[in-house]
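Trainee: the sequence isn't on hand, but the structure is:
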């Protein structure tokens, strides 16, 4: 390639990089000077410190050191996955986890303490939140109007025919509390409901009774029984189907349940939580975190104003091998899941069960209630206490699957990361978020940069002394490497959150040395060739061919080191690997697109061979002597 | 003609006998490794708070500045008479305005110790005990980070071995990786011996050496490979001699590289240790300086000699060496007798006549440069003296 063309490519790269620096993503609202700031690390400029407190275990004990350490590890991974390299996560005392990251990062730290227990549960029943209508019968009148019923977002992503039902309609649900779904379940006339009443809930009722209940829960239930009164309790215990709330008198008996607090609601059996018409979504949503984590029991949760009764969790977050955010065909953000091999079997079984349910399965009724015309059952994707989505299963899924919901790029990535790095064994509540000052401070940064400047100055002096005018090529290429690295750091700091710590700066100083070295290799080669009596014009390409081989193999090894460490390692080491790879690639860019063409152009000038101008002089000087000899 | 060492270095004709003295380098390396390992065992490492966890004291805003907070804690620790004060980490200001507090981390203190320190702080700062809190903090750099880094290192070594085997050959791969391990062990040894604190920064610095060290070895080996290509076809040089030649030819490069890379790091060390006293910068400068210096040295004095030692075991090279030596002894009785006294540093110098002018050093243009010959004769015949010849004869 013509040397000019290579220089042009370099110029183009340079221009693109600096256009990104000044006008790239994330520059809005920044002054021109601020746009030149790379993202500095916690040690240099301080940052934000967020504290999370672990909830006590059910027996009132603080979580074990082991599970705290496990949580610390997972939170560490999540924080670093945000791209916020070099975060610090420590356990403080025996109950707190303190996360510190560079810069202002309150938003990013909002959810890193989330437990992220993922459960896949088949939806067995769906019912509107009837609490308000029962408590205030007048207001309930409009709720019987089917058009006012919310259709919870049963966004189906599994099949390309992801038409789904209109999720936003939930907000139009009206003040009636939104009785769910027109005909089906609540109305006793619906054949499906009556049919299901007998066989289907029967097992569930029987399952509820012998379900292992701790003494603690028994006590709580006894207390609740006292509170709501024997009549209401007995009636609630007998429920096997939603109460027809149009019959105000029948529903009135459950009124005392509306006064229970969320912890008390949590102590009730899932069936009671679901069927008792006076238990509201507000009460359910207020249950302590981890309330519906138990994979072996049925649970009740709310989604957009509808109460869902969900089966035992047949697929768990731990069955997922890896998860990643993706854009589907409709340009909606989804989270794509890859199951482990055993998880895949469970997932296939669950989707088969939902796709081809027994004709009398209650889940069909529930599906029809949630999205009219559904012919298959729904599987709810539950994260902690929240139902992310409850799509209708459109086929037996034996491969990769996707979760859809109302994600954007950030929340899809967040969920994927949470799934990927696993659930926290302990639930945490955020306590505080404060700024922290730097551990080292700007003084160390300035001293480091001063040191680098002195060092590079010495290198420049040395190379001018040794290589004469060619020293300027070293000097220029170092300058160029420096500028490219700096630009890349600024851009990467903004886009991927790449953070520069003092150790990182030292690493880049070293990499400048390595960059200068590839010139040394080239130059020494050139000297050898000229030594052998070649003209500059023919020596340059020959030396280049040989030096290139050496430079490429040496840099290949460095890049391999960077890639392996980046893939395998975590935390600060990952950040290091990234920096190493970056500086090596930039070194190659400078070697190929700057040094080589510049040298080629130099070789065509007379000055190149002049001893006074070029460091090659001394190698050349000897030739006349030899001829004399 | 000026044939000073600098000039000969410049032309790659220093002819220092490096490979020939390989046993000496191996012995030195072995002693150093033993010292380093001894130090690992008996002195261990001085691990920073980031690795071992510690105790965190929170002081009220009235302390004024992070420096004050740090010295207050140092003083209190002194008064309470616990632990060494070198284990006090950085102070940080948490929060702003009236809610601000200063936190200082120290090494691990027992409950009694931290209570004693807290009491001393309360007295010194004249604040209420409620304003000062002490908490135990865990390691920020969990065992998992180290574990994954080591796993990465292991995988990298395997991959790089594979690459070097394909790109060069297995003996070179072994020599290169051994030299890398030597660098790492010795650098860690310096850390352990001097007792510098190991922080995440120094670990990062340590990993930086990894890339640099291999880079340097590959450059040297590339030249060795070039010089020894088709070596068995001729009979002018043994493998060790050819390797030594390559080392000499890349010597100037290695020195240049060392200077170019070490000058900035030296600046870092100088500023860090000289102007700022203790701190990350010094730790980092030190680990880089030691490691990179060792990297340059070991690529010359360890990797190349080790390679020649390995290659001399290869049957093909073995017979080649024997052929070279027998041919040389049969026809060079008159050459460079005088050199023997100077070069006979090892026993094999006695019966192998020093190899001299028959090979005109580096370049394929034979015999044109008296200067080269002369210098070969003068300073460096030892450099081309076949090593280990005695064993073979």
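Mentor: Noted; the coordinates are in hand. In this text, all values refer to a predicted model and were calculated from it rather than measured experimentally.
Trainee: what residues of stretch A:296-306 count as buried?
Mentor: By 16 or more other C-beta atoms under 10 Å in any protein chain shown, the buried positions in stretch A:296-306 come out as A:297, A:298, A:299, A:300, A:301, A:302, A:303, A:304, A:305, A:306. Just so you know, the C-beta spots here come from the backbone N, C-alpha and C atoms, and that holds for glycine as well.
Trainee: revised request: answer the last question for stretch B:115-135.
Mentor: For stretch B:115-135, burial by neighbour count (16+ other C-beta under 10 Å) applies to B:116, B:117, B:118, B:120, B:121, B:122, B:125, B:131, B:132, B:133, B:134, B:135.
Trainee: residue A:381: which of those residues is nearest?
Mentor: For residue A:381, the closest of the buried residues of stretch B:115-135 turns out to be residue B:135, at 38.2 Å, with distances computed as C-beta to C-beta.
Trainee: specify the beta-bridge partners of that closest one.
Mentor: For residue B:135, the beta-bridge partners are residue B:56 (DSSP bridges).
Trainee: mind listing what it touches?
Mentor: When the contact criterion is C-beta atoms under 8 Å, 6 or more residues apart in numbering or on different chains, the partners of residue B:135 are A:92, A:93, A:96, B:55, B:56, B:58.
Trainee: which helix or strand contains the residue in the stretch 351-500 of chain A that chain B sits nearest to?
Mentor: Distances between the stretch 351-500 of chain A and chain B by C-beta to the nearest C-beta are smallest at residue A:455, namely 2.8 Å. Residue A:455 is located in helix A:442-467, with elements delineated by DSSP states H and E.
Trainee: and that helix, what does it pack onto?
Mentor: Using 3 or more C-beta pairs under 8 Å, 6 or more residues apart in numbering or on different chains; DSSP states H and E as the contact definition, the elements that helix A:442-467 packs against are helix A:42-45, helix A:470-495, helix A:502-531, helix B:239-269, helix B:280-298.
Trainee: rewinding a little: which one of the contacts of residue B:135 has the most neighbours?
Mentor: Ranked by the number of neighbours (other C-beta atoms under 10 Å in any protein chain shown), the contacts of residue B:135 place residue B:55 first, at 24 neighbours.
Trainee: so what's it up against?
Mentor: When the contact criterion is C-beta under 8 Å, 6+ apart, the partners of residue B:55 are B:105, B:106, B:107, B:108, B:109, B:114, B:117, B:134, B:135, B:136, B:137.
Trainee: just the buried members of those?
Mentor: Buried residues within these, counting neighbours by 16+ other C-beta under 10 Å: B:105, B:106, B:107, B:109, B:114, B:117, B:134, B:135, B:136, B:137.
Trainee: how about the contacts made by the last one?
Mentor: Spelled out, it's residue B:137. Under the criterion of C-beta under 8 Å, 6+ apart, the neighbours of residue B:137 are A:90, A:91, A:92, A:98, B:49, B:53, B:54, B:55, B:56, B:105.
Trainee: among the buried residues of stretch B:115-135, which ones are in helices?
Mentor: B:116, B:117, B:118, B:120, B:121, B:122, B:125 (DSSP state H).
Trainee: could you export those residues as CSV, including pLDDT and distance to residue A:462?
Mentor: Compiled in CSV, these are given as follows (pLDDT from 0 to 100; distance: C-beta to C-beta, whole Å):
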residue, pLDDT, distance to residue A:462
B:116, 82, 55
B:117, 82, 50
B:118, 82, 54
B:120, 82, 53
B:121, 82, 51
B:122, 83, 57
B:125, 79, 52
